[in-house]
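Student: Sequence and predicted structure below; questions after.
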Amino acid sequence: MSDAHNIPSGTPSEAAGLPAATPLTRAALEIDEYAATLGWDLPARLFALVDTAKLRKADPRLAKQLGLTDGDAAGLTPVEQEELPAGAALDKFLGTIAWPDQVVGCALVVERLMLPPGAEQTRPKNATEAELADWVANHPARQEVRITAAVLRDGSREIALRLREKDVAREVLTGPDLVPGLTEALLATFS
């Protein structure tokens, strides 16, 4: 786990004001808000999720470096990891990850093009991956999205999905099953 970066603690967060949200949902929304401050057209970002209370107790020095205080609510602290290797296929890279025991979950932020429901009906048959990528990139109904996928060791999962054309926090969609392939890949990093 890297201690070089974390999401700024103490930053006002709409996610923190959601009483019904789970700690995993709050972490996904907090990471989404952080990524939104960085802008678009960026490479994927990986985060370890650690139990905030356990982190403060186990490593007070690191907790202080991350800006965590005793007054912080219980929950999950996202810790940004080193930059992903340039040009590495995401699925292959995720297959190389092994998390230490103190990491209770992880999150990944990626930008992708998505098509609306029903677009699959016009998908070219027998197309190569490159041809499919070109078809999606040139589809008139494509949407640029930022996906924040977060999972816990126990199998819990959450997605925060932000459309580039609706780039405001109140328009972020959340749900555990929005991008199941991505959450499955993240869960595999714990096996």
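Tutor: Here it is on my side, so go on. Residues are numbered from 1 along each chain as shown.
Student: Identify each buried residue in stretch 136-151, please.
Tutor: Within stretch 136-151, the residues scored as buried using 16 or more other CB atoms under 10 Å are His139, Arg142, Val145, Arg146, Ile147, Thr148, Ala149, Ala150, Val151. All C-beta atoms are positioned from the backbone trio N, CA, C, and that covers glycine.
Student: Which residue, other than its chain neighbours, is closest to the second one?
Tutor: Spelled out, that is Arg142. Distances taken as CB to CB, 6 or more residues apart in numbering place Leu113 nearest to Arg142, at 4.9 Å, with adjacent residues excluded.
Student: Using PDB, list the CA coordinates for the helix or strand hosting that neighbour.
Tutor: Assigned by DSSP states H and E, Leu113 belongs to strand 103-114. Backbone C-alpha positions of strand 103-114 (Å, rounded to 0.1, in the frame of the first residue of the first chain) are rendered in PDB as follows:
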ATOM      1  CA  VAL A 103      -6.500  -3.300   2.900                       C
ATOM      2  CA  VAL A 104     -10.200  -4.100   3.300                       C
ATOM      3  CA  GLY A 105     -11.100  -3.100  -0.300                       C
ATOM      4  CA  CYS A 106     -10.000  -1.300  -3.400                       C
ATOM      5  CA  ALA A 107     -11.300   1.100  -6.000                       C
ATOM      6  CA  LEU A 108     -10.500   1.900  -9.500                       C
ATOM      7  CA  VAL A 109     -11.300   5.000 -11.600                       C
ATOM      8  CA  VAL A 110     -11.500   4.600 -15.300                       C
ATOM      9  CA  GLU A 111     -12.900   6.600 -18.200                       C
ATOM     10  CA  ARG A 112     -14.700   4.700 -20.900                       C
ATOM     11  CA  LEU A 113     -17.200   5.200 -23.800                       C
ATOM     12  CA  MET A 114     -20.600   3.600 -23.100                       C
END
